[in-house]
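Enquirer: predicted model, plus sequence, below.
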Amino acid sequence: MNLRDKIVFITGASAGIGAATAMAFAAEGCKLLLAARRAGKLAEVALRARERGAQSVYSIDLDVRDYRAVQTAIDELPEEWAEIDILVNNAGLSRGLDKLYVGRIQDWEEMIDTNVKGLLYVTRAVVPGMVVRGRGHVINLGSTAGEMTYPNGAVYCATKAAERAINDGLRQDVLGTPVRVTSVDPGMVETDFSLVRFHGDAERAAKVYKGVQPLTAEDVAETIVWAAGRPAHVNIARVLMTPVQQANSLLFSRNE
Ligand code: 8X3
């Protein structure tokens with residue numbers, strides 16, 4: 001499928017996989033609707049996306065945890081941006097790596113509100129239009145964590161298991177329409193994911209990637225664009241991808 005001029009809405013677009021996905025769709029000549037909380041960083045991504053070939057870019061300062069703000073942002077899109085073709089539900093984060101029984105409630109709220117409720121809110125606001133227009137593709141960011149729970153990560157893993165269920169449920173619910181639904185589920189990716197998880201502790205974050213060549217945000221972005229570019233009759237349900245040195249959430253082959 002030719003992606004040129006498609007309107008692509010990416011949440012969490014200011015950094016990491018979201019920003020890389022913006023660049024990858026920009027290179028295909030898409031129109032990018034970029035949403036994130038950090039307006040300054042988002043403006044930098046928007047500038048780079050224009051240089052990379054995006055037809056046009058429209059940025060929205062948005063916290064997906066706020067349902068009213070999400071619905072208003074979608075309702076008030078300028079006419080030329082309203083017909084979203086591809087939604088990339090990328091906004092998400094991990095907070096903390098603690099035994100469940102001593103976990104921080106605030107960390108749990110942040111993960112559940114963003115990764116589960118935020119994903120639902122954006123989906124609820126965007127997909128009705130896709131169904132009415134008879135075209136659209138929702139690409140959700142899952143994780144190996146949704147497939148296999150690891151110690152100290154129960155709540156993060158639960159949010160990604162929820163993403164998996166939502167992805168599969170949505171695909172069933174749009175059956176009979178041309179709307180496609182895909183989950184891209186990476187394992188270890190080198191972004192500021194671990195830095196955010198450890199509340200800015202760079203030393204602890206660096207240890208996560210020790211002795212492993214992780215996926216890059218660009219590796220994941222390429223897969224997202226690949227799924228979007230399949231012919232209209234092809235639906236990629238789920239892509240599970242890891243570094244060669246990772247077999248699943250728990251099994252790594254680390255260099256000495
Ligand atoms: C990211 C993968 O294993 O760090 O979703 O949780 S993991």
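Expert: Now that the structure is in, tell me what you want to look at.

Enquirer: please make it C-alpha for all contacts and neighbour counts, starting now.
Expert: Will do.

Enquirer: how close does the residue in the stretch 151-256 of the chain that the ligand sits nearest to sit to residue 23?
Expert: Using Cα to the nearest ligand atom, the closest approach of the stretch 151-256 of the chain to the ligand is made by residue 187 at 4.4 Å. Distance, residue 187 to residue 23, by Cα to Cα, to the nearest Å: 21 Å.

Enquirer: more crowded one of those two?
Expert: Set residue 187 next to residue 23 and count neighbours by other Cα atoms under 10 Å: residue 23 wins out with 27 against 21.

Enquirer: from what I see, that one and residue 49 are in contact.
Expert: Yes - with contacts defined as Cα atoms under 8 Å, residue 23 counts as touching residue 49 at a distance of 5.4 Å.

Enquirer: what's the neighbour count on residue 128?
Expert: When neighbours are counted by other Cα under 10 Å, residue 128 registers 12.

Enquirer: apologies, that question was intended for residue 234.
Expert: 12.

Enquirer: could you pull up phi and psi at it?
Expert: In terms of degrees, to the nearest 10, the main-chain angles of residue 234 are phi -110, psi 130.

Enquirer: got the contact list for the residue positioned nearest the centre of the chain?
Expert: By Cα atoms, centre = their mean, the chain has its centre lying nearest to residue 90, at 1.6 Å. Contact analysis of residue 90 by Cα atoms under 8 Å, 6 or more residues apart in numbering lists 10-13, 17-18, 140-141.

Enquirer: hmm, 6 Å instead?
Expert: Counting by Cα atoms under 6 Å, 6 or more residues apart in numbering, residue 90 makes contact with 11-12, 141.
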